[in-house]
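Novice: this one's structure only:
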């Protein structure tokens, strides 16, 4: 038995990119920055780690409608590392695939300019990751 669970609280680093697979399934990708103010880098600044985030299935709708650069998020997910080739070189990409997400205050832009209704604060949609996830072209 094993456990593969990542818990992150951070700010979105770039607007999500939405893609569709040949199967018709959609996915969203974006980066999330987590900062540890107790740990300093070589220049004395708080240490920031960048995480590659992936959403599937119904979670894509929430990401597409409510997640923007600067938005603060709480994410629980599964860590996955993909192997792919670019110009004959093997590369690896570590990602956190969202299982649960909460939209928190702070940051982000509102595309509606006003309150068009409630923003979901929680999205637990029982994510299942497709078998062709390793064939995602990014």
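Specialist: Perfect, I can see it now. What you see is a predicted model, and the numbers here were worked out from it, not measured in a lab.
Novice: where does this structure dip in pLDDT?
Specialist: 106-138 (pLDDT under 70).
Novice: would you map the strands across it?
Specialist: Along the chain, the segments classed as strands by DSSP state E run 6-12, 17-20, 26-40, 46-56, 72-86, 89-103, 123-124.
Novice: take those strands and lay them out in TSV including distance to residue 65 and mean neighbour count.
Specialist: Every C-beta, even on glycine, is put in place using the N, C-alpha and C of the backbone. Output for these, formatted as TSV (distance: least, CB to CB, whole Å; neighbours: other CB atoms under 10 Å):
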stretch	distance to residue 65	mean neighbour count
strand 6-12	14	17
strand 17-20	11	12
strand 26-40	11	15
strand 46-56	12	18
strand 72-86	14	15
strand 89-103	10	16
strand 123-124	11	16
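Novice: of all the ones you listed, which one is nearest residue 62?
Specialist: strand 123-124 (4.6 Å; CB to CB).
Novice: need the strands of the chain in a markdown table (columns: distance to residue 64).
Specialist: Listed next are these as a markdown table, based on distance: least, CB to CB, whole Å:
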| stretch | distance to residue 64 |
| --- | --- |
| strand 6-12 | 13 |
| strand 17-20 | 6 |
| strand 26-40 | 6 |
| strand 46-56 | 9 |
| strand 72-86 | 14 |
| strand 89-103 | 13 |
| strand 123-124 | 12 |
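Novice: and these: which comes nearest residue 66?
Specialist: Once the strands of the chain are compared by CB to CB, strand 89-103 is nearest, at 5.7 Å.
Novice: pairing partners for the closest one, with directions?
Specialist: Here strand 89-103 is paired, per DSSP bridges, with strand 46-56 (parallel), strand 72-86 (antiparallel), strand 123-124 (antiparallel).
Novice: and the contacts of the second one?
Specialist: For strand 72-86, the surrounding residues in contact (CB atoms under 8 Å, 6 or more residues apart in numbering) are 4-12, 32, 53-54, 67, 90-108, 129, 133-134, 136.
Novice: what's the closest of the strands paired with strand 89-103 to residue 18?
Specialist: Here strand 46-56 is closest among the strands paired with strand 89-103 (CB to CB), at 9.3 Å.
Novice: next, the angle strand 26-40 makes with that closest one.
Specialist: Angle between the axes of strand 46-56 and strand 26-40 is 160 degrees (criterion: axes from the mean of the first three to the mean of the last three CA atoms, to 10 degrees).
Novice: perfect, I'm done here.
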